Each structure stands twice: as structure tokens, then as C-alpha cells.
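A.B. asks: need a structure here:
(chains A and B)
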Amino acid sequence: AQSVSQHNHHVILSEAASLELGCNYSYGGTVNLFWYVQYPGQHLQLLLKYFSGDPLVKGIKGFEAEFIKSKFSFNLRKPSVQWSDTAEYFCAVNGVKGGYNKLIFGAGTRLAVHP
Amino acid sequence: EAQVTQNPRYLITVTGKKLTVTCSQNMNHEYMSWYRQDPGLGLRQIYYSMNVEVTDKGDVPEGYKVSRKEKRNFPLILESPSPNQTSLYFCASSLFAGKVGSDYGYTFGSGTRLTVV
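C.D. replies: Okay, here's the model as predicted:
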């Protein structure tokens, strides 16, 4: 069955620390990969996406992610976090099932950045 | 402005009282979907629709109904809400149904926080 696993449910960092959030997926076919962010009380916003080509994807707000096909991974990184990055982050995988899209989300990682 | 509009944003209701959460998109998207978000579980798909009059169950369809009579609208219906349906609901749309490897994504609504007492 298709699934998405996010390694950490809660991460606490100090400002300027580096961030890496793990994401692994289980799906045998071609996929699109996404990272979304949800700030407190807000809806989902797209951080970045991979659909083909360069496996290193740059997104908004200084985030990037690397698609490693052999490891079925799509980890999110940011070299130096800010207090304003406090949010919940969701990895999502879109694959075709039965001829149609299915977008599956991980359980999310809550990031708290302390000043 | 291209968007997915959900209404209402907040809703408190009582067990058993039928309710509808509306979702409308103005981008002529083929694909629409409903998710519920619960702490520690991420977003789980309730129902999805590939086009007008074509809908199918997602991973957690029990207790919900949907319809897609027009391309732009995809309402979520709770015929007899129960407390375990208290959750944050998101509607999403996408240009294509059944296409990966292309540069497209999903647009999400602002969410509906539903409380069933």
C-alpha cells in the first residue's frame, strides 16, 4: 500500500540551527513529491515540489529538498531556521492509482524554533 | 484570483444534525478532493472526484457523502454527524486527474473546523 513516513513528529531548534526533516514513501510508480507548511491557524501552503529533472529542488523561504529515488526519500532542509519557521510540515506524495491521482500525506512534523 | 473557497470556516453542531460544507474552485480543475486533518495522523483523504459525476472513496469515507454536479463545486455532506467527525477539513483541487511527472500541484482551501457535540 502507498504510504508516507515522516521520521520526526516534533522537532525543537534554536534560531540559526540547521534543519533536516526526513520523509520516506512507499510507492512503486512515478510520483510527484511535495512539502507543505501549515502555520498556526492557517491552511496548507506549498513549500516546494518535485516532478522531474534535477533531484535537488529549491522552494520558498530558503527551503530545499532532495529526491533520492533509490532510497524513496524526499528530505526537507534549511541551513538556518528562523523563529518564523515555527509551523507544522507535511510531506506528500502523489502517484497514480487506478488511473487517477492520489495524494497521500505523512503524519506531519511540528517544528518549534526558539529565539 | 485563483482559489479554492470553503464555507463555513468554523462550525459547531450537534450529533445527528445534517450539515454540508461547501467547496468551490474557479480554476476549471478536473480533480477535487476532501481531506480531514487530525493531530498525529496528518491529512487523510475522505473522497475525491476526477470530474463531473465521477467520485470515489478515499481512505476514510465512512459517515460522509459527496457530489459533483458541476465542475467547480464539490460539497461534503455529513448526513448524521458524530463526535468522531470533529476535525479540520480541507478541500483541494488539481488541474489534472491521473497525471504525474508534470509540473502541476494542488490548491487547498482555507479549511473548515468542525466540532460535533
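A.B. asks: Check whether B:Gly63 really touches B:Pro83, as I assumed.
C.D. replies: No - counting by CB atoms under 8 Å, no contact exists between B:Gly63 and B:Pro83, whose distance comes to 11.2 Å. C-beta: built from backbone N, CA, C; applies to glycine.
A.B. asks: what's downstream of the helix-or-strand element of chain A with minimal mean pLDDT, the next helix or strand?
C.D. replies: Within chain A, judged by mean pLDDT, DSSP states H and E, the helix or strand with the poorest mean is strand A:100-105; its value is a mean of 79. Using DSSP states H and E, the helix or strand that follows strand A:100-105 towards the C-terminus is strand A:109-114.
A.B. asks: Please name every helix or strand in contact with that next one.
C.D. replies: Other helices and strands packing on strand A:109-114, by 3 or more CB pairs under 8 Å, 6 or more residues apart in numbering or on different chains; DSSP states H and E, are strand A:10-14, strand A:19-21, strand A:87-97.
A.B. asks: That strand versus strand A:87-97: what angle between them?
C.D. replies: Angle between the axes of strand A:109-114 and strand A:87-97 is 160 degrees (criterion: axes from the mean of the first three to the mean of the last three CA atoms, to 10 degrees).
A.B. asks: May I see the buried residues of strand A:109-114?
C.D. replies: By neighbour count, and taking 16 or more other CB atoms under 10 Å in any protein chain shown as the criterion, the buried residues in strand A:109-114 are A:109-111, A:113.
A.B. asks: Compute the first-to-last residue distance for stretch A:39-47.
C.D. replies: 12 Å (CA to CA, to the nearest Å).
A.B. asks: Per-residue pLDDT of B:Ser102, please?
C.D. replies: Listed pLDDT for B:Ser102 reads 62.
A.B. asks: which of B:Gly63 and B:Pro83 has more neighbours?
C.D. replies: Comparing B:Gly63 with B:Pro83 by other CB atoms under 10 Å in any protein chain shown, the one with more neighbours is B:Gly63, at 14 against 10.
A.B. asks: Any figure for the gap between the more buried one and B:Lys17?
C.D. replies: Note on B:Gly63: its distance to B:Lys17, by CB to CB, to the nearest Å, is 13 Å.
A.B. asks: What of B:Glu1?
C.D. replies: The spacing between B:Glu1 and B:Lys17, counted by CB to CB, is 33 Å.
A.B. asks: Just checking the distance from the worst-scoring helix or strand of chain B on mean pLDDT to the centre of its chain.
C.D. replies: The helix or strand with the lowest mean pLDDT-type score in chain B, counting by mean pLDDT, DSSP H and E, is strand B:106-108 (a mean of 89). Average the C-alpha atoms of strand B:106-108, do the same for its chain, and the two points are 11 Å apart (CA atoms, centre = their mean, to the nearest Å).
A.B. asks: so what strands line up beside it?
C.D. replies: Strand pairing for strand B:106-108, using DSSP bridges, gives strand B:87-94 (antiparallel).
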